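> Fold the following.
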Amino acid sequence: MSEPLVLLPGMMCDARLFGPQIAELSSEFAVMTAPVTGGERVEEVASSILPLLPAKFALAGLSFGGIVAMEILRRAPDRVSRIALLDTNPLAETPQSASAYEPMIVGARSGRLEKVLEGFMQPEYLAPGPQRAEILAMVKEMGMYLGPDVFVRQARALQRRRDQQSTLRKCKVPALVLCGEHDRLTPVKRHSFMAELIPYAELKVIEGAGHLPTLEQPEVTTAALRDWMRQPYVLQ
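Just a heads-up that it's a prediction; the model follows:
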């Protein structure tokens, strides 16, 4: 039996982001989703999660969840048996990109969270097609459920996040770097860069998907995660 699989959702998302993967993989692996809502720094979010997790686990995070996953790998490399980084970013915010969150924080605090969420997850971040509107509606529903306080905490955490390039260079476990081909928020070239940082990492680009391949192309994404979970611990 393989180790448990821990899934970390993206910003203003919950377990519904991984709904297809949970449904498919839970017959083969112990699967859990951990909350990424507990702090105004990525370090605080990671610290709030680690006591809840098994002694050893596989770790997969998408977007903000991937950022938290890298911090968990930095803090507890002996507990992470393998890591999958989906549509995410190892770099710190620039002063300009960090300041761009301020109007959104003000909007969330002033009762305009729905409008903020519409601007945060834009249609062009997803692959074109009829499912785009349905997925955006689900993302908004998740965000409204989590509420403005969570948005503010996660935005602050993003503003203050550290550069994790050195963490990835030190990675000694099977690693999957996965990205939708149409992702304009965290584009493919960023993932090629990440895969080059990690020894023996596999880069997987999902056709017909953007920033949320778990929902846009669930079958292909699930297959990639299954293959990664079955990969031997020993890297050749």
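
> which residues of the chain fall in helices?
Taking DSSP state H as the criterion, the chain carries its helices at 19-25, 42-49, 64-75, 95-99, 101-109, 113-120, 131-146, 148-159, 165-169, 188-197, 213-216, 218-230.

> any residues touching the third one, and which ones?
I take that to be helix 64-75. 7-11, 13, 36, 42-43, 45-47, 49-50, 59-61, 79-80, 83-90, 154, 157-158, 161-162, 164, 167-168, 171 (C-beta atoms under 8 Å, 6 or more residues apart in numbering). Using the backbone N, CA and C atoms, a C-beta is placed for each residue, glycine as well.

> How about the fifth one?
By C-beta under 8 Å, 6+ apart, the surrounding residues in contact with helix 101-109 are 113, 115, 116, 119, 120, 148, 151, 152, 155, 156, 158, 159.

> among the residues you listed, which ones are buried?
113, 116, 120, 148, 151, 152, 155, 156, 158, 159 (16 or more other C-beta atoms under 10 Å).

> dump the residue contacts of the spatially closest residue to residue 154 that is not a sequence neighbour.
Once flanking residues are discounted, residue 154 sits nearest to residue 11: 4.9 Å by C-beta to C-beta, 6 or more residues apart in numbering. Counting by C-beta under 8 Å, 6+ apart, residue 11 touches 36, 63, 64, 120, 151, 154, 155, 158.

> would JSON lines of the residues you listed with distance to residue 229 and pLDDT be doable?
Formatted as JSON lines, the contacts of residue 11 follow (distance: C-beta to C-beta, whole Å; pLDDT from 0 to 100):
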{"residue": "36", "distance to residue 229": "21", "pLDDT": "97"}
{"residue": "63", "distance to residue 229": "20", "pLDDT": "98"}
{"residue": "64", "distance to residue 229": "22", "pLDDT": "98"}
{"residue": "120", "distance to residue 229": "31", "pLDDT": "90"}
{"residue": "151", "distance to residue 229": "32", "pLDDT": "97"}
{"residue": "154", "distance to residue 229": "27", "pLDDT": "97"}
{"residue": "155", "distance to residue 229": "32", "pLDDT": "97"}
{"residue": "158", "distance to residue 229": "28", "pLDDT": "97"}
